[in-house]
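A.B. asks: requesting a structural model of the entry that follows:
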Amino acid sequence: MTKVFLIGNLTRDPELTETAGGVSVCRFGVAVNRYSGQEERQTDFYNVTAWRRLGETVARYTKKGNKIAVYGDLQIRQYDANDGTRRTSVDVIAQDVEFLTPKQQDGGDSFYDAPAAQPGAAPKKKPALEAFDDDGDIPF
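C.D. replies: I've put the predicted structure just below:
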């Protein structure tokens, strides 16, 4: 079993598509910094795939440059390139994604922001709570 945990920044906006069977799939890239023994920073780039609801959430609430944490499995594939050479691709299949960009740095398009009010619309009132009649009986 090979698990990976990455913290980095999105290298491009997530791309949400569907398979022929109608399953949502989101693909995005993550740049992860690492440091060599001589304090020199290097960057590794990973391709990440998130399926179904997780992929839809990533596509909806993140964009290029956002910092995220990804937990998932490594998938190693081999394929033939257009020039006839055999290539190897290492991809991450996300099992969980955490959004790490604070909302004030996100430009207002964040999971944590409330939906924008429509121009000219009256502000919505909070619903009133109803009284609860507790006669002490357990309902089950």
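
A.B. asks: ok, the spatially most central residue of the chain - contacts?
C.D. replies: Compute the mean C-alpha point of the chain, and by C-alpha atoms, centre = their mean the closest residue is Val58, 3.2 Å away. For Val58, the contact set (C-beta atoms under 8 Å, 6 or more residues apart in numbering) comprises 14, 26, 28, 50, 68, 94, 97. The C-beta positions use only the backbone N, C-alpha and C, and glycine is treated the same way.

A.B. asks: dump these into a markdown table; add secondary structure and distance to Thr62 as well.
C.D. replies: Below are the contacts of Val58 laid out as a markdown table (DSSP: H, G, I helix; E, B strand; the rest coil; distance: C-beta to C-beta, whole Å):
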| residue | secondary structure | distance to Thr62 |
| --- | --- | --- |
| Pro14 | coil | 6 |
| Cys26 | strand | 9 |
| Phe28 | strand | 8 |
| Ala50 | strand | 10 |
| Ile68 | strand | 6 |
| Ala94 | strand | 12 |
| Val97 | strand | 8 |
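
A.B. asks: now the two most distant members of these.
C.D. replies: Cys26 and Ile68 (12.0 Å; C-beta to C-beta).

A.B. asks: what strand or helix carries the residue nearest to Glu15 when sequence neighbours are not counted?
C.D. replies: Counting by C-beta to C-beta, 6 or more residues apart in numbering, Arg27 is the residue found nearest to Glu15 once chain neighbours are left out, at 5.1 Å. Element membership for Arg27 (DSSP states H and E) is strand 24-35.

A.B. asks: again, but for Thr57
C.D. replies: Counting by DSSP H and E, Thr57 is found in helix 52-61.

A.B. asks: now do that helix, average pLDDT.
C.D. replies: Average pLDDT, helix 52-61: 94.

A.B. asks: next one: it to chain centre, how far?
C.D. replies: Put simply, helix 52-61 sits 6 Å off its chain's centre (C-alpha atoms, centre = their mean, to the nearest Å).

A.B. asks: put the alpha carbons of it into CSV.
C.D. replies: In CSV, the C-alpha atoms belonging to helix 52-61 read as follows (Å, rounded to 0.1, in the frame of the first residue of the first chain):
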residue,chain,number,x,y,z
ARG,A,52,-17.0,12.1,-7.8
ARG,A,53,-18.1,14.5,-5.0
LEU,A,54,-14.6,15.3,-3.9
GLY,A,55,-13.6,16.3,-7.4
GLU,A,56,-16.7,18.5,-7.7
THR,A,57,-15.9,20.3,-4.4
VAL,A,58,-12.3,20.9,-5.5
ALA,A,59,-13.3,22.3,-8.8
ARG,A,60,-15.9,24.6,-7.2
TYR,A,61,-13.9,26.1,-4.4
